[in-house]
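Participant: Sequence first, predicted coordinates after that:
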Amino acid sequence: MFDVVVVGLGGVGSFCLRSLSKRGLRVAGIERYKRCHDRGSSHGGSRIFRKAYFEGPMYVPWIQYSEQQFRELDEGLIENCGTLIIEEPGGPLIEACNLAAELHGISHENLVNSELEERFPQFRLASESTVGFLE
């Protein structure tokens, strides 16, 4: 007999199963597809943790908790490479990223066009006024 049965063992289902098990519950997981299938929302070769979340600073604590949980598993799952957002000055993404970073103490840099060109020569910037946010 199980306390909880989780149906669907993708990224979210597996995390739920693990969390419930760590709480001492007897759990079972059911998955329709084979392991590592390509039909879930989190399939593919890579994922990203954007900490200065432009969708809203209220999500940042959840992102930080999620990253902590993945690091607990740390089997080479996470490689820190940073996140670069590029847009025109005054754009909504960088402004929102700065707000989230400042509210939650996230290390970041605001880059002007010349700094972007020097540090990221692989990009062809849309204009000479393009700016960047790097976390």
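Facilitator: Great, that's in hand. Numbering: from 1, shown residues only.
Participant: only C-alpha atoms for contact and neighbour calcs from this point on.
Facilitator: Will do.
Participant: And the lowest-mean-pLDDT helix or strand in the chain, how far out from the chain middle?
Facilitator: None of the helices or strands of the chain scores lower by mean pLDDT, DSSP states H and E than helix 60-73, at a mean of 84. Centroid separation for helix 60-73 versus its chain: 9 Å, with C-alpha atoms, centre = their mean, to the nearest Å.
Participant: Can you tell me the centre-most residue of this protein?
Facilitator: For the chain, the residue nearest the mean C-alpha position is F49 (2.0 Å; C-alpha atoms, centre = their mean).
Participant: Remind me what the least confident helix or strand of the chain packs against, helices and strands.
Facilitator: Packing partners of helix 60-73 (3 or more C-alpha pairs under 8 Å, 6 or more residues apart in numbering; DSSP states H and E): none among the helices and strands.
Participant: Any chance you could list what contacts the helix or strand following it?
Facilitator: Using DSSP states H and E, the helix or strand that follows helix 60-73 in sequence is strand 84-87. Here strand 84-87 makes contact (C-alpha atoms under 8 Å, 6 or more residues apart in numbering) with 93-94, 130-135.
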